[in-house]
Structures are given as C-alpha cells and as structure tokens.
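Q: predicted model and sequence follow; I will ask about them next.
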Amino acid sequence: MEAIVFEEFGGPEVLRLVETTKPQPGPGQVRVRVAAAGVNPLDHKIRNGWMQAVFPTPLPATPGAEFAGTVDAVGEGVTDAAVGDEVLGWTVTGAYTQYALSSSYVHKPAGLDWTAAAALPVATETAGRVLGLLGVRSGETLLVHGAAGVVGAAAVQLAVAAGAEVIGTASPANHGYVRSLGATPVAYGEGLVGRVRAVAPRGVDAVFDAAGKGALPDSIELRGGTTERIVTIADPEAGTYGVTFSANSVEAPEPALAEHARLAADGTLRVTIVETFPLAEAAKAQTLSETGHAPGKIVITP
C-alpha cells in the first residue's frame, strides 16, 4: 500500500510517499480502506515536533487522525463491523494512507459522502465536548469566537440545534456564512464588547473560544467579570486568566459521532470542504492548513 510518512520532524518537505505493508488488525480493531482523511492543524504541529511534550510521536510516523472508508478486515472480538461496511472515525495508525487501523468508529449513513464524513470526527467531537463542558441549554445565549472556522462553525450549528441563541465572531467577509449557520455575526477585534452587547443587551451565558486571538479578556468582561462558563481550545494564555483550556477527548466519542453523522447526512450539520488533495500532495495540503487561512476543511483522498 501507499502511505505518507515522516522520519524526522520539520517542515512539509519531510513528508514522503512510500510503499509499505498493510497493517494487520489486532483484537478489537478493523482495517479500513481509506476513502478520505481529514487534515487538521494538529497534524502539522506534530510533524514539526512542537507537540512532543503532549503527544509523543515515535518515528517514522504517518500523519492524520480522522478517516472515512470501507472495512477491509476485522480483528479478533469485533462484532459491530464486517468486511464491506462503510465507517468513519479515528485511526491508531495514521490516516494519510490507503489502509489504516481503527478501534473507534461508527457506521457511515448512506446519504453522507466520503469527504464530508472524513471531515466530521475531530471538529464535531471538539465542538460537542466543549458545548458539554459549558452546559449550553435551550434559550441561553452563547458567544463563539472563530465562528467561521471548522470547529467554530460546528459549535454554532450544534448549539443552534439545541435551541441556543448564538453570536459568532468572524471577519466581515465571513458574516454571511456565519449568518447562514444560524448565528448573529459580529466583527472581532477592538470594540468587540460593545458590538456583542448591542445584539445581546442581557449578556451572554457562555463563551466558546475557537479562535485563540486574545479574546479572553473581552469574554470575561462579557460574562460580568467571571471566568465561569468560558472555555478555549485555542488560547495558550488560558491559565493566566483562570479560563478552562480543553484539549482532551471524551472517553467514548462514538455515540456522539454517530449522531453528528446522522445530522450531517440529513443536512442539519455541515462542514465546509475548502479543498481536496490526492495522497501524493499531502505536503501541499498541510502547507495550506499551516497558513491558518483555509476557509473550511481540507481533505486528502488516497
């Protein structure tokens, strides 16, 4: 099979397309013929070696965490999947490859295409996890920083579906998109507090920071001076302000992913795909991701 590997940490030039042997599924694992793999910012951070203290990566390694594809083989004890089943989820062997192993997956709804399926696991798990930490309820007002980003957009849609009123910060060019998701858009930057108060005079009940652009002081002010019910996934200064930083996955993400896949299949939840790349152009995909300016999800199709 073909796979992308890196044998040293560094820029996108360390990614190489190689021929290697198919992995064999162990107990509780399935082997999947990958149809699409999602590209996430964490991928290039791991490739650069920046995440060694948090995610130690033995080399050589294959990038990528999320995939969608067809079960090709099953390991001992697997009873919830069979060869030929279409699934999506997280891989333990890397997703930028033709074949990957997984022990955390759900069945793909028939109406969901491969690229959309591969774009779901990381973004929707993150969004759903943080909304759970915030305890967002119907009728409450949620402020989402970075509402036009992949995770922010997922959070907006899930919160709206739960009955919350959502205000989303974004650049003016993305206000139409944020509005189409069901949120009220406001421009980020200086004067944010006044703009948010203009559309939510009674204040906001919770804040989800998916942008990491220094919005925590404004968020605390908008919450009346408290750090309660403010969570960031992007601002490394969270501890300085006493704000919760969420980076850990839930223990059993599969039920939530199955529901998110159902919502995506029926059109309630959508992840914008900005560009797809063949496996051989994984370096180009990561280069685009690393700019931080891709207006949606990047997907690799092996």
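A: Noted; the coordinates are in hand. Residues are numbered from 1 along each chain as shown.

Q: element containing the most centrally placed residue in the chain?
A: The centroid of the chain falls nearest to residue 123 when counting by C-alpha atoms, centre = their mean (2.2 Å). Counting by DSSP states H and E, the element that carries residue 123 is helix 121-134.

Q: what's the residue nearest to the centre of the chain in contact with, if anything?
A: Contacts for residue 123 (C-beta atoms under 8 Å, 6 or more residues apart in numbering) come out as 38, 150-151, 154, 271, 297. Every C-beta, even on glycine, is put in place using the N, C-alpha and C of the backbone.

Q: which of the residues in the helix holding residue 123 are buried?
A: Using 16 or more other C-beta atoms under 10 Å as the test for burial, helix 121-134 gives 121-131, 134.

Q: need the residues you listed in JSON lines with distance to residue 181 and pLDDT, can you?
A: As requested, these are exported to JSON lines (distance: C-beta to C-beta, whole Å; pLDDT from 0 to 100):
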{"residue": "121", "distance to residue 181": "20", "pLDDT": "96"}
{"residue": "122", "distance to residue 181": "18", "pLDDT": "94"}
{"residue": "123", "distance to residue 181": "13", "pLDDT": "94"}
{"residue": "124", "distance to residue 181": "14", "pLDDT": "95"}
{"residue": "125", "distance to residue 181": "18", "pLDDT": "93"}
{"residue": "126", "distance to residue 181": "16", "pLDDT": "94"}
{"residue": "127", "distance to residue 181": "12", "pLDDT": "96"}
{"residue": "128", "distance to residue 181": "16", "pLDDT": "95"}
{"residue": "129", "distance to residue 181": "19", "pLDDT": "95"}
{"residue": "130", "distance to residue 181": "16", "pLDDT": "97"}
{"residue": "131", "distance to residue 181": "14", "pLDDT": "97"}
{"residue": "134", "distance to residue 181": "18", "pLDDT": "98"}
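
Q: if we can go back for a sec, ok, and the most crowded of the contacts of residue 123?
A: residue 154 (30 neighbours; other C-beta atoms under 10 Å).

Q: the closest residue to that residue other than its chain neighbours and residue 87: what is the separation?
A: Excluding its sequence neighbours, the residue lying closest to residue 154 (C-beta to C-beta, 6 or more residues apart in numbering) is residue 127, at 3.9 Å. Residue 127 is 21 Å from residue 87, where distance means C-beta to C-beta, to the nearest Å.

Q: residue 169 too?
A: According to C-beta to C-beta, residue 169 and residue 87 sit 35 Å apart.

Q: tell me which of these two has more neighbours.
A: Legend: neighbour count by other C-beta under 10 Å for residue 169 and residue 87, higher for residue 169 (29 against 20).

Q: I figured the more buried one hits residue 155, correct?
A: No. With contact defined as C-beta atoms under 8 Å, residue 169 does not reach residue 155; the gap is 12.0 Å.

Q: now do the shared contacts for these two.
A: 144, 147.

Q: which stretches in the stretch 151-300 of the chain count as strands?
A: 165-170, 184-187, 206-209, 230-232, 244-245, 273-278, 297-301 (DSSP state E, counting those that start in this stretch).
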